[in-house]
Every structure is written in structure tokens, then in C-alpha cells.
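Novice: could you look at this predicted model? Sequence included:
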Amino acid sequence: MSDRERLSKLIEASGRVVVFTGAGISTESGVPDFRSPGGVWSRMKPITYGEFIASEAKRREAWSRAFSGVAGWVGKRPNAGHHGVARLIASGKASLVVTQNVDNLHQDSGVPSDRLIELHGNASYAACLDCGLRHELAALKAGFLDSGAIPVCRDCGGLVKTATISFGQALPAGALARAEAEARACDLFLVLGSSLQVHPAAGLPLAAKRSGAMLAIVNRDPTPQDEIADLVLHEPIGEVMTEVAPHAWAVSAPR
């Protein structure tokens, strides 16, 4: 039996799968990752949360990056990996997708927002740092390009920032707590395209494993958790998900 067949059997035998995705699932859509050679941070130094708050120049630089699309995080299309994950959710096999990605591709592939936790936020819109009001990038872009005005909240006048979690910015506590609870409740934790090196997110597979779940990892390169996983595939995610989730199993009510 091949490793792909083993993964398919693991999914079929599971009643509650949590899917955890990292940059590796989206590189197959042309979205650059962060840390590898040629990745986002090798081309531009990240602007920390503290720098954004304290410096008008850094805010202007951040918005210039966002509106130019230089990071390459948005504007791509979901690939076979994303669509395979969406089928797992639609079938009821997977209860939740937890992602480190900010590219909105899980939503674009059909994963409902209430079945998705974005630990590191979303680059496709912005939010007020004071009142939390959502702002669409298209509505902010014209003013910035026309007059150079740095976006502020239309309701409270507070600082507005793309809805990504920057270095030095805390992860949303509620989202992390929900992800941890789901990890402890699942019977299969499926990692797709994460290096499992960024904490606290990398602690989720460990929490699942400690609670008795099976752990399967599909990633191009080895991860620090390969040795504790029940199954590891160093193969392209799109190809694997096309084979192991070729269609939805009998659709059941979401758990």
C-alpha cells in the first residue's frame, strides 16, 4: 500500500479531521512563502507591529507595499490542494481548517468562514486597530494613491492596518483557543504545507497527538515533528489531495 493510499484510509476511518495548513499549500498557486530563499522576507524586511504604530513613515511604507501587491499574497487562485481541503469540509470528514496563511484562498475554494481559523489574519482587507471595523482595500487605495493620505478609520479615526498579524502583534486569543480545543477533540490532525517551526501554531499538532489523535504530515521538506507523526509524505500537496480526496465522502452534518 502506498503512502497516499494509507492517508486516504486514515481519512476514511476518521470521524473528525482537523486540517492545518501553511505556506506550502499556497506556493502551488504562486503565492511566495516567507522564509525560504526567494521568499517574502528575503526580498523585504518585515515591518513590525511596533514600527507600524510608532512611525508614520513605516505606515506609509506598509501601505505602499499593500497597494502595490509586491508581497504577492493576494490575487491568486486556489489550487488542487485547497479544493481537496474544501471537499473534506463539505463532506463532514473535516470539522475545521486552521491556517497560517493570509491569502484568502481557502475561502475562495469554498471553505465557509465559520469552518476556518486564520491564525495570522488576512491580507485581502484591512481593519481598524481601535474599534475593529473592517475596511475594504479598494476603498482605501484611491485616497492613498490620489493624495498620499494614510488610511484611518472612517468611524473612529483610529489607525487602520491590513488584517494580517505582524511581528510583535499578538495572535487573536479566541481563535487560538478554539484551534487548540479542536486539535484536542479530533481523531486525525492533517498538516499540509507547514514547516511546523512557528509557535504557538506549531504546538497544535502536539496537542492533538497528546490527546490521542493520529498525525499525518504532507510537506515538501522534513519538519521537526516528522518523527512523532503516524504518516509523513514529502510530496506535492495538490497531487496528494487530488488522490486522497477525489470526491466528497457521503456528506454528513458538520460536527
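Specialist: In hand now; what should we look at?
Novice: and Pro236, how many neighbours?
Specialist: 18 (other CB atoms under 10 Å). Using the backbone N, CA and C atoms, a C-beta is placed for each residue, glycine as well.
Novice: quickly note the distance from it to Ser55.
Specialist: Here the criterion is CB to CB, to the nearest Å. By it, Pro236 lies 41 Å from Ser55.
Novice: now do Leu188
Specialist: Applying CB to CB to Leu188 and Ser55 gives a distance of 45 Å.
Novice: of the two, who's got more company?
Specialist: More neighbours surround Leu188 than the other of Leu188 and Ser55, with 23 against 13 (other CB under 10 Å).
Novice: hey, what's the more buried one bridged with?
Specialist: When assigned by DSSP bridges, Leu188 has beta-bridge partners Val17, Met214.
Novice: thought it was touching Lys9?
Specialist: No. Assessed by CB atoms under 8 Å, Leu188 is found out of contact with Lys9, at 10.8 Å.
Novice: for the residue lying closest to Arg77 once chain neighbours are set aside, what are its contacts?
Specialist: Nearest non-adjacent residue to Arg77, counting by CB to CB, 6 or more residues apart in numbering: Ser29, 6.1 Å away. Neighbour list for Ser29: Lys76, Arg77, Pro78, Asn79, His82, Asp103, Leu105 [criterion: CB atoms under 8 Å, 6 or more residues apart in numbering].
Novice: distance of Ser29 from Ala163?
Specialist: Distance from Ser29 to Ala163, by CB to CB: 20 Å.
Novice: and the strands in the stretch 151-255 of the chain?
Specialist: 160-164, 188-192, 214-218, 231-233 (DSSP state E, counting those that start in this stretch).
Novice: what helices and strands are in contact with the last one?
Specialist: For strand 231-233, the elements it packs on are helix 3-13, strand 214-218, judged by 3 or more CB pairs under 8 Å, 6 or more residues apart in numbering; DSSP states H and E.
Novice: which of these sits most buried?
Specialist: strand 214-218 (a mean of 23; mean count of other CB atoms under 10 Å).
Novice: now the buried members of the contacts of Ser29.
Specialist: Among the contacts of Ser29, the ones that count as buried by 16 or more other CB atoms under 10 Å are Lys76, Pro78, Asn79, His82, Asp103, Leu105.
Novice: next, format the helices and strands packed on strand 231-233 as CSV and append mean pLDDT.
Specialist: Putting these into CSV (pLDDT from 0 to 100) gives the following:
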stretch, mean pLDDT
helix 3-13, 95
strand 214-218, 98
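Novice: span of stretch 183-194 from start to end?
Specialist: This stretch, stretch 183-194, spans 16 Å end to end (CA to CA, to the nearest Å).
Novice: ditto for stretch 154-168
Specialist: 26 Å.
Novice: try stretch 228-235
Specialist: End-to-end distance for stretch 228-235, by CA to CA: 18 Å.
Novice: longest single strand anywhere in this structure?
Specialist: For the chain, the strand reaching the highest residue count under DSSP state E is reported as strand 121-128.
Novice: before we move on, the earlier item: let's have the strands of the stretch 151-255 of the chain in a markdown table, adding distance to Met241.
Specialist: A markdown table is the format used below for the strands of the stretch 151-255 of the chain (distance: least, CB to CB, whole Å):
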| stretch | distance to Met241 |
| --- | --- |
| strand 160-164 | 25 |
| strand 188-192 | 7 |
| strand 214-218 | 8 |
| strand 231-233 | 11 |
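Novice: quick one: closest of those strands to Lys141.
Specialist: Nearest of those to Lys141, taken as CB to CB: strand 160-164 at 11.7 Å.
Novice: got the angle for the closest one vs strand 121-128?
Specialist: 160 degrees (axes from the mean of the first three to the mean of the last three CA atoms, to 10 degrees).
Novice: does anything pack onto strand 160-164? Which helices or strands?
Specialist: Using 3+ CB pairs under 8 Å, 6+ apart: strand 160-164 touches helix 56-68, strand 121-128.
Novice: among those, show me which one is buried the most.
Specialist: Most buried among the helices and strands packed on strand 160-164, counting by mean count of other CB under 10 Å: strand 121-128, with a mean of 21.
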